[in-house]
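In: Provided below are the primary sequence and the corresponding predicted coordinates.
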Amino acid sequence: MTRIFVSIIALIVNLNFVYAQTSLVIDSLLKAYARENDEIKKVNLLYEIGRTYELNDFDKAGEFYKKALNLSKEIKYKVGEIMYSTHYTYILNQQAKYDSSLILNLYSVELSREINDSLYIAKTLFNTGTVYREKGDFENAVAFYEEGILFFQNFKDDQLNARIHDVLSILYNEMRQFDKALKYGQTALELINKTDNSYFKMDILINISNVYFNKNNFKKAFQSLNEALKIAGDLNDYTALSTIYLNIGNIYLSQKDFEPFKKCMENAILYADKLDLAENKLIASKGLSLYYLNRKQFDKAEEYALSALDQNKRVNNYIQLQKVYDLLSNIYYAKHDILKADFYSGKSVQLADSILNETIIEKTSELQTKYQVHKKEEQIIIQKSLLEKRRIINIVLIISLLGMLLTVLIYSRYHKQKQIIQQQRINQLETEKKLNATALVLKGEEQERLRLAKDLHDGLGGMLSGIKFSLNNMKGNLIMTADNAHAFERSIDMLDSSIKEMRRVAHNMMPEALVKFGLDVALKDFCSDINQSGIMKINYQSYGMEQKEIEQTKSIAIYRIVQELINNALKHSGAKEMLVQLSLSEGNLAVTVEDDGRGFDKSILDKAGGMGWGNIKNRVEFLKGHIDLNSNIGVGTSILIEINI
C-alpha cells in the first residue's frame, strides 16, 4: 500500500488566536462582538470566532469568515480581505480544493503588495508556496518560499520562525531530502516549545513524524504522533485526529500489524465524518478495504473499496483513484470475478495514460506560454529599435524552432515513458495472474492431498484395522493345520505391514504435525523419520523459528519444498549426510539444504522432464522468494532459498 501520511500545515500564520473550543469561549467572543463599535475590531473578532469553530466545524467557520470579508469590503479594510484569504484557504486545503485555494492565495499576495505590508507579503507568499507544494509544483513552491524568506528575515519572532522552519521541513521532505527536512523540523519544534502554542506544536509533530516514517524510523514516528494525538484530543480538533490516526495506521500497516491498523482507519473515518473530510475518508476506506482483503473477507473489502471510489468523486484525486482501481481489481481477482477484475485493471491503465497525457499537455502549455511571453518582449524591442529588426526576427525564428523541437522531444519522451509504464503494468498483471494461478494450483493440490490422507487414514485405515481384528477373533475359533496356521500368521503380518505403509503414505501426504504444531516441528519429525530408517543421516537445525508464527499456506509450501529437495537427494545424490537448516530473522526466512553427494551439472535442470524441480520453482515463485543453487560434480550440492515471511 502506498503511503497514507498526510502532512497538516495551517496556511495562515496568525499567531494570536485562542485555540481551545468551548461554548464558553464562543459565547464570550459573540458577546464581545455585539458590544464592539469599532468596525476593524469587529472584523478581527469575527475571524477569531471562525478560527475557534474551525477546530471541528468547517461550515460554521466559513460562515464567520465570509461575514468578516463582507464587513472588510464595506469599510475598505484591505488587511481584513487578506485575512479572509489566509483563513479560508486553510479550510480549502483540508478539503483538497487546491485550485480554489491557489486563486485566493495569489489574490492575497497582490493585496499585500498593494498595501506594502512586509509581514503580510511574507505570510501570503509562504501560503501560496504551500499550495503549490500540495499540488506537486515544487518549482513554483521554492520560488514563493525563497521570496517569502527575504521578508521574514526582518522579524524576530519564535512562532514565526518556527512556522518558516516547519514549511521548509515539509518542502524538503516531499523533495525526499530527509536529513534536511529533519533538521528544519527539529529546529521548528525547539522554537515552538518556547511558546504556548500547542496547536502549532501539534502540526510540527505530525510533519516530523512524516520525515521519520520516510527514514524508516518507525519508533520515532510513533512517538511524535502519540504526542500530537494527545494535543489534538485536548483541542478537540477533528481534522488533526482523523489525520493522526491515518498516519499511525500507516505505521502499523508497514509492520503488517493489521488489527491496530484497522482500528486506526475506523477512528480516522469517525472524525473525518464530523467535518466531511472527503480525502481522509477516501484513504481510510481504502485502508479498511486492504485490511479485509488481507483477511480474505472479500465482500467487506469490496464494500470499503467502492466507498473509497465514491469519496474520490468529490476529491478528484487521480493518484488515489488509480490505487482504488488497482485495489478493486485485486479484490475481484480474489473473488474469481475475472470480468470485473479486468474491467478495473483496464480503468487503472487508462487513468495512468490520462495522467501522463495531462502532464504532457501541461508541460507543452507552459512551454508555449513562456514562448509567447518571450515573443511579446521581442516585439517591444522591435518597436524601440528598428535597427535591430533583422537580429530580433532571427532570434524569434530560432526560439520558435527550438520551442517546436523541445515540444517534440518532450512529447516523444513522455510517449516512450507511457509505453514503458503500459508494458510494466502488463508485465505486472501477467505476473500477478501467474502467481494467482500457481496459488490456486498449489491450494488445490494441498486440498487433494489432505482429502486423500483423510480418506486413507479414516477410511481404508479403519477398514484394514477392522479386518485385522476380525481375523484375530477367527483365529481362536478355527482348527488349522500347522501349515495353515503359519500361512494365517504371515497374512496377519502382511496386513500389519499394509496398515503401517498406508499410515506412512497418509502422513507424507499431509503430516499431522504440520497442521497441529507448525513447520519447525513437522520438518524435524520428517528428518527424524529418515534418520531412523537408516537410509541417510540428516542434521536438522532451526534458528529463530519461535519468534513468528508462519501462516499455514506458506508453511505447507515450504514443507513441500524441503520434502522435495530431500527426496531428490535420496533418489539421485548418493549422499550419506545432509544438512537441513531454517533461520528466521527480521521477517526473512533462509532455508538451506546441503548434501555430500556426487553433485551434478546444473544445466541438466533446463533439459529435465521431471516435475520435481519445476514444483520447487513454482512454490518458491508463489512465496515470492529467491533460490540459489550450487552444485559441483564430486563435491555435493547446496541450495539456499530466501523468503520474506
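Out: All right, it came through fine.
In: which stretches of the stretch 51-200 of the chain form helices?
Out: Per DSSP state H, counting those that start in this stretch, the stretch 51-200 of the chain has helices spanning 58-74, 78-94, 98-115, 118-134, 138-152, 158-174, 178-192, 198-214. These are given in chain order.
In: buried residues, the last one. List them.
Out: By 16 or more other Cβ atoms under 10 Å, the buried positions in helix 198-214 come out as 199-214. Every C-beta, even on glycine, is put in place using the N, C-alpha and C of the backbone.
In: quick one: it to helix 158-174, angle?
Out: 20 degrees (axes from the mean of the first three to the mean of the last three Cα atoms, to 10 degrees).
In: run the angle between helix 198-214 and helix 178-192 for me.
Out: Computed by the same axes, to 10 degrees, the angle separating helix 198-214 from helix 178-192 equals 160 degrees.
In: same check, this time on the fifth one
Out: If you take the same axes, to 10 degrees, helix 138-152 sits at 30 degrees to helix 178-192.
In: list the buried residues in helix 138-152.
Out: Result for helix 138-152 [16+ other Cβ under 10 Å]: buried residues Ala141, Val142, Phe144, Tyr145, Glu147, Gly148, Ile149, Phe151, Phe152.
In: next one: the longest one
Out: Within helix 98-115, the residues scored as buried using 16+ other Cβ under 10 Å are Tyr98, Ser101, Leu102, Leu104, Asn105, Tyr107, Ser108, Val109, Leu111, Ser112.
In: out of those residues, flag the one nearest to Lys537.
Out: Tyr98 (69.2 Å; Cβ to Cβ).
In: so the closest one touches Arg133, yeah?
Out: No - if you go by Cβ atoms under 8 Å, Tyr98 and Arg133 don't touch, sitting 9.9 Å apart.
In: returning to what we had before: how about the buried residues of helix 138-152 in TSV, adding pLDDT and distance to Leu339?
Out: Converted to TSV, the buried residues of helix 138-152 look like this (pLDDT from 0 to 100; distance: Cβ to Cβ, whole Å):
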residue	pLDDT	distance to Leu339
Ala141	84	43
Val142	80	47
Phe144	88	48
Tyr145	82	49
Glu147	86	54
Gly148	83	53
Ile149	77	56
Phe151	80	59
Phe152	76	58
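In: from Lys201, how far off is the closest residue to Lys537 other than its chain neighbours?
Out: For Lys537, ignoring the flanking residues on the chain, the nearest one in space by Cβ to Cβ, 6 or more residues apart in numbering is Glu577 at 4.8 Å. Separation of Glu577 from Lys201 (Cβ to Cβ, to the nearest Å): 64 Å.
In: would you double-check that Ile535 falls in a strand?
Out: No - going by DSSP: H, G, I helix; E, B strand; the rest coil, the assignment for Ile535 is coil, not a strand.
In: low pLDDT regions in the stretch 351-500 of the chain?
Out: 352-387, 429-480, 482-489, 491-493, 495-500 (pLDDT under 70).
In: report how many residues lie close to Leu71.
Out: 16 (other Cβ atoms under 10 Å).
In: also Ile40?
Out: The burial count for Ile40: 14, using other Cβ under 10 Å.
In: try Gln552
Out: 13.
In: surely it meets Lys516?
Out: No - using Cβ under 8 Å, Gln552 is not in contact with Lys516, being 10.8 Å away.
In: sorry, back to before: with the buried residues of helix 198-214 in mind, which one is nearest to Leu327?
Out: Phe213 (21.3 Å).
In: nearest spatial neighbour of that closest one, skipping sequence neighbours?
Out: Excluding its sequence neighbours, the residue lying closest to Phe213 (Cβ to Cβ, 6+ apart) is Ala221, at 4.4 Å.
In: wait, the one you found sits on Asn207?
Out: No - between Ala221 and Asn207 there is no contact under Cβ under 8 Å: 11.0 Å.
In: would you say Leu570 is within a strand?
Out: No - according to three-state DSSP, Leu570 belongs to no strand; its state is helix.
In: check contacts around it.
Out: Ile530, Ile535, Met536 (Cβ atoms under 8 Å, 6 or more residues apart in numbering).
In: re the thing from before, turn the helices of the stretch 51-200 of the chain into a markdown table, including distance to Ile556.
Out: Putting these into a markdown table (distance: least, Cβ to Cβ, whole Å) gives the following:
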| stretch | distance to Ile556 |
| --- | --- |
| helix 58-74 | 52 |
| helix 78-94 | 48 |
| helix 98-115 | 50 |
| helix 118-134 | 48 |
| helix 138-152 | 49 |
| helix 158-174 | 43 |
| helix 178-192 | 41 |
| helix 198-214 | 35 |
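In: nearest to Gln417 among the ones you listed would be which one?
Out: Comparing the helices of the stretch 51-200 of the chain by Cβ to Cβ, helix 138-152 comes nearest, at 19.1 Å.
In: low-scoring stretches of the stretch 501-645 of the chain, by residue?
Out: For the stretch 501-645 of the chain, residues meeting the criterion pLDDT under 70 lie at 501-511, 606-611.
In: can you give me the helices in it?
Out: Using DSSP H, counting those that start in this stretch, helices in the stretch 501-645 of the chain cover 512-517, 519-533, 552-568, 604-607, 612-622.
In: can the ones you listed go into JSON lines with extra columns for distance to Lys256?
Out: Output for the helices of the stretch 501-645 of the chain, formatted as JSON lines (distance: least, Cβ to Cβ, whole Å):
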{"stretch": "helix 512-517", "distance to Lys256": "23"}
{"stretch": "helix 519-533", "distance to Lys256": "18"}
{"stretch": "helix 552-568", "distance to Lys256": "13"}
{"stretch": "helix 604-607", "distance to Lys256": "34"}
{"stretch": "helix 612-622", "distance to Lys256": "18"}
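In: pick the most deeply packed of those helices.
Out: helix 552-568 (a mean of 19; mean count of other Cβ atoms under 10 Å).
In: so what's the closest residue to Asp628 other than its chain neighbours up against?
Out: Nearest residue to Asp628, sequence neighbours excluded (Cβ to Cβ, 6+ apart): Leu640, at 4.5 Å. Residues in contact with Leu640 (Cβ under 8 Å, 6+ apart) are Ala590, Val591, Thr592, Ile627, Asp628.
In: so Gly597 is in contact with Gly634, correct?
Out: No - with contact defined as Cβ under 8 Å, Gly597 does not count as touching Gly634 (9.4 Å).
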